[in-house]
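> Here is a sequence with its predicted model. Questions after.
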Amino acid sequence: MAETKIFAGPRVRRVRNGLGLTQTAMAEALSISPSYLNLIERNQRPLTVQLLLKLASVYKFDLDDLQGESGGITSQLREVFADPLLADEIPSPQELVEVAEAAPNAAIGVVKLYRAYSEQAKRLSDLSELLAREGHQTTLSAARLPIDEVRQVFESRPGHFHVIDTAAEAFHATLGAGDDLTSALRSWLQKNHGIVVRSLPVHAMPNLRRRYDRHSMRLFLSERLSGHDQLRELAMEVSLLALTSEIAQELEGLALSGEEARRIARFELARYAAHALMMPYAPYLAAAQRARYDIDVLRARFNVSFEQAANRLVTLAKPGSHALPFFMMETDSAGNRFRKAGAQGFPQAKFGGLCPRLNIHAAFAQPGQVLVESVQMPDRETYVTISRTLEGPQAGFGERVRRTALMLVVEMAHAKEIVYGDAAGASGLAIAIGPSCRLCERQGCLSRAEAPLTRPLGLDEMVTGLSVFDFQ
């Protein structure tokens, strides 16, 4: 039977150096010549099974030590080269493995440098936010992915797109949909564009929500989607056809730098147009005011999901209207933020949304329940927060459900105008929160996860505070 051959020269060298041996001493112990060991360490000769067993027998170490940490280092290098700053320098997976195996110490050094760079970038971002809260304008330039550019643009501007909203409301009026918008949109697609809408089972479209086949003129929707989400996908397709010029006009106003960013933004604007088509501006605003912005009442009235109804509330506050200025954030259980939006732009300077005491994080422990609280920032500004979990597409057996949480926030001054204000004011106590742990100077916070950027740690051998990050 053919002998198994393993090339692991750099790892053998690492083991030898760790034992403090010369090549001559190790070669003598293994009953091979120093020149042969030199060839092994340069990966010009293989390590046979017999030689591996000899290494283990002579030096009494686990053969797994030869593997070392190259796999872990490789994954860390992959993270480094995934940074937008190195977008044009991405090596092949095999090249990363070779670097990790041939020069593990140098690879670890690269990883450490990248982590230091990332930490400094994070500190600069925190300092920029801190200065912004004090009224100073700052500009940080860095390499960004197109999706990051789009998110920043959408989050820093009002959430209302007047041209799209006006056109969507007028188009909805021409449909004569009544209470069955889905049928009206299907009929419009078939009558005006010859497009037939079909639902496909999971096995036929396992990884897609929606697919348009131009050859057969059919729009396929995944059965994984709820009826509400299928309606949104249908409305997006109609919006891209019926509101093309309006979407293009709003897109031009965003002043994005690249074609990929424009493509992503166009998709987001189509999603906005779909909501505007499903929930026309004037009827939805009137219904929201009558229901005191009760999201469950609105979702039933317009036959939409909780997420869709809540998202639409954020987009109502156009200049001159009497709609309330909600802002919104969506996150997952690991704290990754997917969306931030607000009527006047997300007010990060006042309400960062990263405080672990917010009920958006507690919502995961009570899926499907609406949690309402009043919260107070360090500057004594008070808000009402409304949080609830959202379920993603239908998962099959053995699949984990995608669950996120959405939080709507409005200033306490508007509490009497919303049904949730009654519950928020019932306790009479506001939860003390901050913009984020790194920018919060509340002392004795049991939930603090990081030391504040603006204060030195108060390490004292005689006194220990409630938090490991207590500061002076």
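Arrived safely.

> For the stretch 251-400 of the chain, which segments count as helices?
For the stretch 251-400 of the chain, the helices defined by DSSP state H, counting those that start in this stretch cover 259-278, 281-290, 295-302, 306-314, 359-362.

> The stretch 101-250 of the chain now?
Under DSSP H, counting those that start in this stretch, the stretch 101-250 of the chain gives helices at 104-133, 146-155, 162-175, 181-193, 227-242, 244-252.

> Need these in a markdown table (columns: distance to residue 42 and mean pLDDT).
Using the backbone N, CA and C atoms, a C-beta is placed for each residue, glycine as well. Shown next, in a markdown table, are these (distance: least, Cβ to Cβ, whole Å; pLDDT from 0 to 100):
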| stretch | distance to residue 42 | mean pLDDT |
| --- | --- | --- |
| helix 104-133 | 16 | 72 |
| helix 146-155 | 43 | 86 |
| helix 162-175 | 64 | 95 |
| helix 181-193 | 66 | 94 |
| helix 227-242 | 58 | 95 |
| helix 244-252 | 57 | 95 |
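
> okay if I get those helices as JSON lines plus distance to residue 12 and mean neighbour count?
Shown next, in JSON lines, are the helices of the stretch 101-250 of the chain (distance: least, Cβ to Cβ, whole Å; neighbours: other Cβ atoms under 10 Å):
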{"stretch": "helix 104-133", "distance to residue 12": "12", "mean neighbour count": "14"}
{"stretch": "helix 146-155", "distance to residue 12": "43", "mean neighbour count": "17"}
{"stretch": "helix 162-175", "distance to residue 12": "65", "mean neighbour count": "17"}
{"stretch": "helix 181-193", "distance to residue 12": "66", "mean neighbour count": "16"}
{"stretch": "helix 227-242", "distance to residue 12": "56", "mean neighbour count": "20"}
{"stretch": "helix 244-252", "distance to residue 12": "58", "mean neighbour count": "16"}
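
> So which of those helices is nearest residue 288?
Smallest distance to residue 288 across the helices of the stretch 101-250 of the chain (Cβ to Cβ): 14.4 Å, for helix 162-175.

> Please list the residues outside the closest one that contact it.
181, 184-185, 188, 239, 242-243, 246-247, 249-250, 269, 272-273, 276-277, 280-282, 315, 318 (Cβ atoms under 8 Å, 6 or more residues apart in numbering).

> picking up where we left off before, rebuild the helices of the stretch 101-250 of the chain as TSV, extending it with distance to residue 54.
Converted to TSV, the helices of the stretch 101-250 of the chain look like this (distance: least, Cβ to Cβ, whole Å):
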stretch	distance to residue 54
helix 104-133	23
helix 146-155	53
helix 162-175	74
helix 181-193	73
helix 227-242	62
helix 244-252	68
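
> closest to residue 463 out of those helices?
helix 104-133 (27.3 Å).

> hang on, the earlier thing: out of the helices of the stretch 251-400 of the chain, which gets the lowest mean score?
Ranked by mean pLDDT, the helices of the stretch 251-400 of the chain bottom out at helix 359-362, which scores a mean of 92.

> Only the buried residues of that helix, if you could.
Residues of helix 359-362 classed as buried: 359, 360, 361 (neighbour count, 16 or more other Cβ atoms under 10 Å).

> Same check on stretch 32-50?
Quick answer for stretch 32-50 (16+ other Cβ under 10 Å): 32, 37, 40, 41, 43, 45, 46, 47.

> so which of the helices of the stretch 101-250 of the chain comes closest to residue 469?
Per Cβ to Cβ, nearest to residue 469 of the helices of the stretch 101-250 of the chain: helix 104-133, 14.6 Å.

> So residue 421 belongs to a strand, correct?
No: applying DSSP: H, G, I helix; E, B strand; the rest coil, one finds residue 421 to be helix, outside a strand.

> picking up where we left off before, residue 286: which of the helices of the stretch 101-250 of the chain is closest?
Of all those, helix 162-175 comes closest under Cβ to Cβ, at 12.2 Å.

> Tell me how far residue 59 lies from residue 36.
Going from residue 59 to residue 36 by Cβ to Cβ, to the nearest Å gives 17 Å.

> Check residue 235 too.
Remark: distance between residue 235 and residue 36 (Cβ to Cβ) = 71 Å.

> Need the phi and psi values for residue 26.
phi -70, psi -40 (degrees, to the nearest 10).

> residues contacting it?
16, 19, 37.

> cutoff 6 Å now
Applying Cβ atoms under 6 Å, 6 or more residues apart in numbering, we find residue 26 in contact with residue 16.

> Report pLDDT for it.
Residue 26 carries a pLDDT value of 88.

> one step back: tell me the most buried of the helices of the stretch 251-400 of the chain?
Ranked by mean neighbour count, the helices of the stretch 251-400 of the chain are led by helix 306-314 with a mean of 23 (mean count of other Cβ atoms under 10 Å).

> Which strands or helices does that helix pack on?
helix 295-302 (3 or more Cβ pairs under 6 Å, 6 or more residues apart in numbering; DSSP states H and E).

> what comes into contact with the helix it packs on?
Helix 295-302 is contacted by residues 279, 287, 291, 306, 309, 310 when judged by Cβ under 6 Å, 6+ apart.

> so where's the stretch 1-150 of the chain shaky on pLDDT?
Along the stretch 1-150 of the chain, the parts satisfying pLDDT under 70 run over 1-7, 61-72, 84-90, 93-94, 102, 123-144.

> can you rerun that using 50?
1-2, 140-142 (pLDDT under 50).

> and stretch 191-211, how far apart are its ends?
End-to-end span of stretch 191-211 (Cα to Cα, to the nearest Å): 19 Å.

> what are the phi and psi values for residue 397?
The phi and psi values for residue 397, taken as degrees, to the nearest 10, are phi -60, psi 130.

> Next one, pLDDT for it please.
For residue 397, the model assigns a pLDDT of 81.

> burial count for it?
4 (other Cβ atoms under 10 Å).

> I'd like the distance from it to residue 230, if you could.
Distance from residue 397 to residue 230, by Cβ to Cβ: 22 Å.

> same check, this time on residue 208
For residue 208, the distance to residue 230 - Cβ to Cβ - is 13 Å.

> now do residue 171
Using Cβ to Cβ, which is the criterion applied here, residue 171 is 19 Å from residue 230.

> Same check on residue 421?
From residue 421 to residue 230 the distance is 34 Å (Cβ to Cβ).

> tell me the domain ranges of this protein?
Under the assignment automatic domain parsing, the domains of the chain span 5-66, 70-120, 145-278, 295-435.

> would you turn those domains into a markdown table with distance to residue 465?
Shown next, in a markdown table, are the domains of the chain (distance: least, Cβ to Cβ, whole Å):
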| stretch | distance to residue 465 |
| --- | --- |
| domain 5-66 | 42 |
| domain 70-120 | 24 |
| domain 145-278 | 35 |
| domain 295-435 | 16 |
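
> The helices of the stretch 101-250 of the chain: which one's closest to residue 375?
helix 104-133 (17.1 Å).

> Take stretch 414-428, keep the C-alpha atoms, and write them as PDB.
C-alpha atoms of stretch 414-428 as PDB (Å, rounded to 0.1, in the frame of the first residue of the first chain):
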ATOM      1  CA  HIS A 414     -45.900  62.800  22.200                       C
ATOM      2  CA  ALA A 415     -46.900  60.000  24.700                       C
ATOM      3  CA  LYS A 416     -50.500  61.200  25.000                       C
ATOM      4  CA  GLU A 417     -50.900  60.900  21.200                       C
ATOM      5  CA  ILE A 418     -50.000  57.200  21.100                       C
ATOM      6  CA  VAL A 419     -51.700  54.200  22.800                       C
ATOM      7  CA  TYR A 420     -48.400  53.000  24.100                       C
ATOM      8  CA  GLY A 421     -47.900  56.200  26.000                       C
ATOM      9  CA  ASP A 422     -50.500  55.100  28.600                       C
ATOM     10  CA  ALA A 423     -48.400  52.000  29.500                       C
ATOM     11  CA  ALA A 424     -45.100  53.900  29.400                       C
ATOM     12  CA  GLY A 425     -46.300  56.500  31.900                       C
ATOM     13  CA  ALA A 426     -48.200  54.100  34.200                       C
ATOM     14  CA  SER A 427     -45.100  53.100  36.300                       C
ATOM     15  CA  GLY A 428     -44.000  56.700  36.700                       C
END
